[in-house]
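Engineer: Take this sequence and fold it.
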Amino acid sequence: MQTQYYQDSDSDTYGNIAVTTGACSLPGGYSTNTGDCNDSVGTINPVATEICDGLDNDCDGTADE
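Structural biologist: Residues are numbered from 1 along each chain as shown. Sure thing, here's the model as predicted:
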């Protein structure tokens, strides 16, 4: 049975929900986790600490809260 995996271009273990693949085992460059709001920056993901830099570091929809 195949599992859906999410492309993780920045290797932070959180993938882009819009880019998926089905496979029997985890392919390179993919993750089982979703929620990465910026998959080109490894320090931006759902578990990142929000810092005052004009970016939504923790992917909660608000920058610098």
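Engineer: quick one: average pLDDT of the host helix or strand of Gln4?
Structural biologist: If you go by DSSP states H and E, Gln4 is part of strand 3-7. Averaged across strand 3-7, the pLDDT comes to 98.
Engineer: and that strand, how far from the chain's centre?
Structural biologist: 11 Å (CA atoms, centre = their mean, to the nearest Å).
Engineer: and if you look at stretch 6-16?
Structural biologist: For stretch 6-16, the distance to the chain centre is 4 Å (CA atoms, centre = their mean).
Engineer: residues of it that come out buried?
Structural biologist: Under the neighbour-count criterion of 16 or more other CB atoms under 10 Å, stretch 6-16 has Tyr6, Gln7, Asp8, Ser9, Asp10, Asp12, Tyr14, Gly15, Asn16 buried. C-beta coordinates here come from the backbone N, C-alpha and C atoms, glycine included.
Engineer: The longest strand seen in the chain to strand 3-7, inter-axis angle?
Structural biologist: Ranked by residue count and defined by DSSP state E, the top strand of the chain is strand 16-23. With axes from the mean of the first three to the mean of the last three CA atoms, to 10 degrees defining the directions, strand 16-23 sits at 140 degrees from strand 3-7.
Engineer: list the helices and strands the helix or strand following strand 16-23 packs on?
Structural biologist: Next helix or strand after strand 16-23 toward the C-terminus (DSSP H and E): strand 30-31. Helices and strands touching strand 30-31, by 3 or more CB pairs under 8 Å, 6 or more residues apart in numbering; DSSP states H and E, are strand 3-7.
Engineer: which residues touch the strand it packs on?
Structural biologist: Strand 3-7 is contacted from outside by 14-17, 19-24, 26-27, 29-34, 36, 39, using CB atoms under 8 Å, 6 or more residues apart in numbering.
Engineer: Pairing partners for it, with directions?
Structural biologist: Strand 3-7 pairs in its sheet with strand 16-23 (antiparallel), strand 30-31 (antiparallel), by DSSP bridges.
Engineer: Just say helix, strand or coil for the residue nearest to Ile51 when sequence neighbours are not counted.
Structural biologist: Of all residues not flanking Ile51 in the chain, Asn57 sits nearest, at 5.7 Å (CB to CB, 6 or more residues apart in numbering). Put simply, Asn57 is coil when judged by DSSP: H, G, I helix; E, B strand; the rest coil.
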